[in-house]
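Novice: quick one, what's the 3D model for this:
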Amino acid sequence: MECTQLVDLIFFMGQSNMAGRGDAALAPAVTPGMGFEYRAVTDPAHLHPLAEPFGVNENDPAGVNEPGMKTGSMVSAFVNACTAQTGIAVVGVSCAKGGSAIAKWLPGTPYFEDAVRRARRARQFLAENGYTIRHSAMVWCQGCTDGDLHTLKAVYKLNTDRVIHEFMLDAGLETCFLIQIGNQRDAPELYVPIQQAQEELAAACEDIVMVSRRFKTFAAKGLMKDRFHYLQPAYNAVGTEAGQQAGSLWGR
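Specialist: So this is what the prediction gives:
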């Protein structure tokens, strides 16, 4: 299956709830021809139809590496919702690592440098194979570990601003679609400072767009699988909402 020539390029980044700890069998199938995975680590010479578990084998021992941990994510739902509005296929790149504090993503760290390598490979591949990138963005969902670590709100906000904007600059991206973290199931106030920092960043920066706040509603609905992670229907719901918001912004 070949991808259409005009594409939107999206990097899906953050920690475990972006990587996905759900059940791939319960994720939606991606509309044929509308979603492709660029495997910058394991198969940088091809595009593959996007399917869950997204990014399952994209493990670089020198960077983002979590073998066997990605079991089902929000990405397929995001891609379906986004492309339903835009009519433009998405090329997705996985770069998410469970348990990663924001300090682990700062420029110069192995995770950041791995993400930049993946971005450069993706752009080079698309350019060399006749694709035109219409829009490019990152989808970022991270912060639970910083809540667990009691990272100060001001420190988290400063570091997240730096990670997002320096990666966007290095990768040539236009927008960060921000997915707010939820609450720790057994200590629901623990992540509030991180959530507040994310709200403040989105309010202050035109290129950071909050596309979902729904994770924090799922504990009350019984959609958490443990203190930190969610069942696949929750990932599907957040992915759909975030993809709709992104697709609405980008339009046809």
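Novice: pick out the residue nearest the middle of the protein.
Specialist: residue 12 (2.8 Å; C-alpha atoms, centre = their mean).
Novice: phi, psi of it?
Specialist: Residue 12 adopts backbone torsions of phi -100, psi 110, taken as degrees, to the nearest 10.
Novice: could you do residue 230 as well?
Specialist: phi -120, psi 160.
Novice: helices of the stretch 51-200 of the chain, start to end?
Specialist: 75-86, 110-128, 144-148, 153-171, 192-204 (DSSP state H, counting those that start in this stretch).
Novice: in the first one, which residues are buried?
Specialist: In other words, helix 75-86. 75-83, 85-86 (16 or more other C-beta atoms under 10 Å). In this view, the C-beta of every residue, glycine as well, is placed from N, C-alpha and C.
Novice: related to what we said a few turns ago, so the residue nearest to the centre of the chain touches residue 20, yeah?
Specialist: No - contact criterion C-beta atoms under 8 Å: residue 12 and residue 20 do not qualify, at 9.2 Å.
Novice: residues near the spatially closest residue to residue 213 that is not a sequence neighbour, how many?
Specialist: Spatial nearest neighbour of residue 213, excluding adjacent residues (C-beta to C-beta, 6 or more residues apart in numbering): residue 180 at 4.6 Å. Close neighbours of residue 180, defined as other C-beta atoms under 10 Å, add up to 21.
Novice: same thing with residue 138?
Specialist: 26.
Novice: excluding sequence neighbours, find me the nearest residue to it.
Specialist: Spatial nearest neighbour of residue 138, chain neighbours left out: residue 11 (4.5 Å); criterion: C-beta to C-beta, 6+ apart.
Novice: in TSV: the buried residues of helix 75-86, plus pLDDT and distance to residue 216.
Specialist: Output for these, formatted as TSV (pLDDT from 0 to 100; distance: C-beta to C-beta, whole Å):
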residue	pLDDT	distance to residue 216
75	99	20
76	98	22
77	99	18
78	99	18
79	98	23
80	98	23
81	98	20
82	98	22
83	98	27
85	97	25
86	98	28
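Novice: nearest to residue 149 among these?
Specialist: In terms of C-beta to C-beta, no member of the buried residues of helix 75-86 lies closer to residue 149 than residue 75, at 26.4 Å.
Novice: residue contacts, residue 167?
Specialist: Contacts for residue 167 were tallied using C-beta atoms under 8 Å, 6 or more residues apart in numbering; they are 13, 107, 112, 115-116, 119, 138, 173.
Novice: try 7 Å this time
Specialist: Neighbouring residues of residue 167 by C-beta atoms under 7 Å, 6 or more residues apart in numbering: 112, 115, 138.
Novice: got it, and residue 186?
Specialist: residue 227.
Novice: please report the distance of it from residue 120.
Specialist: Distance of residue 186 to residue 120, given as C-beta to C-beta, to the nearest Å: 41 Å.
Novice: cool, and residue 149?
Specialist: 31 Å.
Novice: excluding chain neighbours, what is closest to residue 163?
Specialist: Closest to residue 163 by C-beta to C-beta, 6+ apart is residue 105, at 4.7 Å.
Novice: do I have it right that that neighbour meets residue 162?
Specialist: No - counting by C-beta atoms under 7 Å, residue 105 stays clear of residue 162, with 9.1 Å between them.
Novice: out of the two, which sits in the more crowded spot?
Specialist: residue 105 (27 against 15).
Novice: what about the strands in the protein?
Specialist: Using DSSP state E, the strands of the chain run over residues 6-14, 35-38, 47-49, 89-96, 132-141, 175-179, 208-212.
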